[in-house]
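[1] Provided below for reference: sequence and predicted model.
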Amino acid sequence: MYRVIAHLDMDAFFASIEQRDDPALRGKPVIVGAPPTQRGVVCAASYEARKFGVRSAMPSATAGRLCPKGVFVRPRMDRYKEESGFILKIMADTGAVIEPMSIDEAYLDLSARCHGEDADASLLSCVPIARQLKERIRSERGLTATVGIASNKLLAKIASDFEKPDGLTVVSERDKVQFLRPLPARVLYGVGRVTEQVLLRVGIRTVGDLQDYSGDLRALVGSFGPKLKQFAVGEDDRPLELGDEVKSISGEETFLQDTEDRGVLRACLREQAAEIAAKLKRRRLAAHTIQVKVRYGDFTTLTRQLTVEEPVSEPKDIYRLACFLLGRQRLVSRPLRLLGLSASNLREPTAQQLTFW
Amino acid sequence: MKLTIAREQLINGLQAVQNVVGSRTTLPILSNVLLQAEQGRLGLTATDLDVSIACGVEAKVEKVGVTTLPARRLFSIVRELGTPEIELEVDEKNVCSLTAGASFFKVNGLPAEDFPPRPGFADSKRVALPQDKVKGMLRRTAFAVSNDEARYVLNGLFFSLREHKVTLVATDGRRLALTDEEVDIGAENQTEFIVPAKTVAELSRLLQDKGEVEISVGDNQVAFDMRGEGLLNILAISKLVEGTYPNYQQVIPRESKERIPLVREELVQALRRAELMTSEKSNSVKLSFTRNTLAITANAPEIGEARETLAINYKGPDLAVAFNPSFLLDALKALDNDEVFLELSDELSPGVLKVNGPFLYVIMPMRMN
C-alpha cells in the first residue's frame, strides 16, 4: 500500500461563511475582525480584501488603511466552529483517517482507499475522491476548499497552498524534487522567520538551494539539519496525529487599550485561570506546565513558562503561577497589548494531592 | 605570604568551604578561595554572595599575608599530592608557588582586595546549641522544604526562637515537618527567620557531632558559628529568605480520631516495596486499617499492583487513606525511633506522624479520582 495524504484547506473560511450568510457581502472586500477604529486584529479576509494586502493577524487599523472600502465584520466563532463540524462530517464520509489541524484545515490519510500499481498511480486515484469532496462542500455548504494530494503531510500541505482558492494539486513522487526546487525555503515545515534568516545568510533562498547545499546543515540549524535535508527533497514520515488528546489549554486577551494596571491584569489572569481550570476539570486533567504570554504595544511578544512537580488544576494555583512568572521576569515593565495564559504538559492523575493552603 | 601546612589540614579546610564556590564566570573572583595566613593559622573563605563559609586550619606561618586562589583547582592539586606536608609561597602578584616533595606548581591567583568583604553583623540576636542537636533537627525537617520556586518563602527552613524553644519548620504545602529543642533564650533574643534551602544543605554537611553552634541573626542575614575542642571551626553566613512564613500552627490538627502505633522499620520496608508499583500518574499508596491489620496497596493501572499486609495494634473502625509514599518515607527515614504513631481521622483529613520526642509531621492525603 502506498501512502496517500490529502491536505484540505478551506478558502478564506470565516470571510466566506460571512459572504455566504449575507448576500450583501458577496464580491466585497470582507474583513473579519475588530473594526478599524478599535484595537484588535484581523481574523480573516476575503480574497477581495487580500488583493489590498490585508492579511490575518494584521492590526485592524492597518487593514483599514490598506483597504478603505473594506467591510469589517465581527467574528462569530460559534458559527465557524459549527460549520467546521459539518465539513469534518463530509470529510469523514470519504473513509479517510483524519487529523484536524485547525478550524479550517485537516489532513486526510486516504492510503486505504487509493490503490495503484505504484506510488504515483495511487496518488492519481485519489483525485476523483478529492473532486467529489470539494463538490460536496460546495453543494452542501456553499463554500470552497483547496486540496493538495501527495505522499506525505509536508508535500500535501505545500500542494494545497500552491493554487488557491478552489484548487486541486497533486505532487507526484516522480516530480516532487523538481516541484519543490523553485519554492522559497520558507514553505518547508519547521522553517520560520529565524531559520529563514540563517539560511539566507549562506545564500540559501529556495528549496533548490537547500537540495544543492553541500555543507553540513547542522552547522546552521543544529539538530534540525538532517530533517531539513529530507524535507528539501520532499521526504517526510510524520504520521497523522490522531485522537482527541489535548496538548494544551490556553486563553488570551487583547486589551481595548494597552495597560499596565495591575488590577486589570490580575482580573484578566484570574478569569483566564478560571476558564482553563474549568476546561481541565471537564477533561479530568491537570497541568505540569504553566505559560504566560505578553505582547507589548510594538507587538514584541514574549512567553515564559514554569514546570512544577505537582500538577495544577485549581484556578488559584494556575493564577498564582501566572503571577509569579510575570513578576519574576518583570514582564509588565511597560503597558501590555495582550496577555495570555496556557496550561500544558497535561496529565490525567488518578489521585489528587491535597494541600494545606 | 609563606607557610607550611599539613596536606590533611588543607584538604579539610578546602572541603569545608568549596561547595559554595561559584561556577559563574561573570565574577571570576567567586571561583576563588580567600586565603589569609595569620600567626599559626590559615583562614579559608569561599562565597557565592548568598552564602559564605569560612574556616581556619593550623599552619606554620613564616610570613603573614592574603591572596585568593582558584578553589577547585587548588583542591584537585592538593588531593593528588603524595606528601604529608605542603609549602605555599605567594608573591606580590598573587602567583602561588606550591611545593610538595618532588612536585612543584605555580598557580595564578587574584588580589584579595577583590574578594567580597565579610558582611558585618549589627544588633544581632543570639542562641547557642550543641552542634549534634541542630544537625538532628535539620535532618528531621529539611526534606520537607519546598523546591517550588514560585513559593519562595517555602524554599527555606523556618527558625523560631521563642518561649525557651528553638523550633524548626519546613513545608511545601503538602506536608509539614516540625521539630523543637528547649534552650534558654533571653527576651531580647526572641526572633523568627527563614534560612534558604541551599544554606540548610551546607549546614547539614558541616555540622559535627561535638561542639557548639552559635546562631546570630541580623536584619537580613544569619551566621552559624560552629566550634569546639579539637574541631574544625567553621563560620557560615547566609542571606535570609525575605517574606512572611505562613501560619503553620493552623495546619496542625488539634486532635485526631485514631492514634495508631507502628513499627517504623516494618512500615518503611512495606512502603518501599509498595512504592515500586506506583508511577508518575498513580503516585499514591492506600493505607487500609482494619482490626489489627494494616494493608498497604499500590495500584498503577498501566503497571500492576502491590499489596503489603502488616500486623498492627488497631482497634478502631475500618479506615482507609491514600498518601504519596515518598512523603511518608522521607519522614520515616529521617527518624531513628523504633516506634512511630500515625494519627488519622478520615480519608480527607491530614495525617500526623509523631514519635516519643520533639517531632511532628503533618501530611495531606491524596484524594482518589
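    Perfect, I can see it now. Keep in mind that this is a model prediction, so the values were computed, not measured.
[2] dihedrals phi and psi, the residue lying closest to A:Asp109 once chain neighbours are set aside?
    Spatial nearest neighbour of A:Asp109, chain neighbours left out: A:Val97 (4.1 Å); criterion: Cβ to Cβ, 6 or more residues apart in numbering or on different chains. Where C-beta positions appear, they are placed from N, C-alpha and C, glycine not excepted. Listed backbone geometry of A:Val97 is phi -80, psi 130, with angles given as degrees, to the nearest 10.
[3] give me the pLDDT value at A:Val97.
    As summarised for this prediction, A:Val97 has a pLDDT of 89.
[4] residues in contact with it?
    With contacts defined as Cβ atoms under 8 Å, 6 or more residues apart in numbering or on different chains, the neighbours of A:Val97 are A:108-109, A:112, A:240, A:242.
[5] gap between it and A:Leu155?
    Distance of A:Val97 to A:Leu155, computed by Cβ to Cβ, to the nearest Å: 17 Å.
[6] picking that back up, of the contacts of A:Val97 - the most surrounded one?
    Within those, neighbour counts (other Cβ atoms under 10 Å in any protein chain shown) peak at A:Leu108, which reaches 28 neighbours.
[7] what about stretch A:348-357, distance to the chain center?
    Mean C-alpha position of stretch A:348-357 versus that of the full chain (Cα atoms, centre = their mean, to the nearest Å) differs by 34 Å.
[8] isn't there a strand covering A:Met101?
    Yes: when the secondary structure is assigned by DSSP: H, G, I helix; E, B strand; the rest coil, A:Met101 falls within a strand.
[9] for the residue lying closest to it once chain neighbours are set aside, phi and psi?
    For A:Met101, the nearest residue in space outside its immediate sequence neighbours is A:Tyr107; the separation is 6.5 Å by Cβ to Cβ, 6+ apart. When read as degrees, to the nearest 10, the backbone of A:Tyr107 gives phi -100, psi 140.
[10] could you find the closest non-adjacent residue to residue 198?
    Looking at chain A here, since you left the chain open. The nearest residue in space to A:Val198 (Cβ to Cβ, 6+ apart) is A:Leu220, at 5.3 Å.
[11] sorry, should have said chain B
    Take B:Lys198 and drop its neighbours on the chain: the residue closest to it by Cβ to Cβ, 6+ apart is B:Val51, 6.2 Å away.
[12] repeat for B:Leu271
    B:Pro325 (5.0 Å).
[13] quick check: the one you found vs chain A, distance?
    Look at B:Pro325 and chain A: by Cβ to the nearest Cβ, to the nearest Å, they are 12 Å apart.
[14] now for that residue, how many residues are close by?
    23.
[15] that one touches B:Met277, doesn't it?
    No: because the distance of 9.9 Å does not satisfy Cβ atoms under 8 Å, B:Pro325 is recorded as not touching B:Met277.
[16] phi, psi of A:Leu8?
    phi -110, psi 130.
[17] and A:Leu66, by the same measure?
    Phi and psi for A:Leu66, reported as degrees, to the nearest 10, are phi -70, psi -30.
[18] quick one on the thing from earlier: out of the contacts of A:Val97, the closest to chain B would be?
    Each of those was checked against chain B using Cβ to the nearest Cβ; the closest is A:Leu242, at 19.9 Å.
[19] the closest residue to the closest one other than its chain neighbours bridge partners, please.
    Leaving out its chain neighbours, the residue that sits closest to A:Leu242 by Cβ to Cβ, 6+ apart is A:Glu99, at 6.1 Å. Beta-bridge pairing of A:Glu99 under DSSP bridges involves A:Tyr107.
[20] contact partners for A:Glu99?
    Listed by Cβ under 8 Å, 6+ apart, the contact set of A:Glu99 reads A:106-107, A:109, A:240-242.
[21] what sits against the residue in the stretch 201-350 of chain A positioned nearest to chain B?
    Using Cβ to the nearest Cβ, the closest approach of the stretch 201-350 of chain A to chain B is made by A:Phe324 at 3.9 Å. By Cβ under 8 Å, 6+ apart, the contact list for A:Phe324 reads A:306, B:149-150.
[22] what's the answer for A:Leu8, then?
    If you count contacts by Cβ under 8 Å, 6+ apart, then A:Leu8 has A:91, A:105-108, A:133, A:145-147, A:160 around it.
[23] what are the ranges of the helices in chain A?
    In chain A, helices defined by DSSP state H lie at A:13-21, A:47-50, A:60-66, A:77-92, A:119-124, A:127-141, A:153-162, A:176-180, A:193-201, A:207-212, A:218-221, A:225-232, A:262-282, A:315-328, listed in chain order.
[24] mind putting those in a markdown table, mean pLDDT included?
    As requested, these are exported to a markdown table (pLDDT from 0 to 100):
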| stretch | mean pLDDT |
| --- | --- |
| helix A:13-21 | 95 |
| helix A:47-50 | 93 |
| helix A:60-66 | 92 |
| helix A:77-92 | 93 |
| helix A:119-124 | 94 |
| helix A:127-141 | 96 |
| helix A:153-162 | 95 |
| helix A:176-180 | 95 |
| helix A:193-201 | 89 |
| helix A:207-212 | 94 |
| helix A:218-221 | 87 |
| helix A:225-232 | 93 |
| helix A:262-282 | 92 |
| helix A:315-328 | 92 |
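[25] intersection of neighbour lists for B:Pro325 and B:Met277?
    When Cβ under 8 Å, 6+ apart defines a contact, the residues bordering B:Pro325 and B:Met277 alike are B:Ala298.
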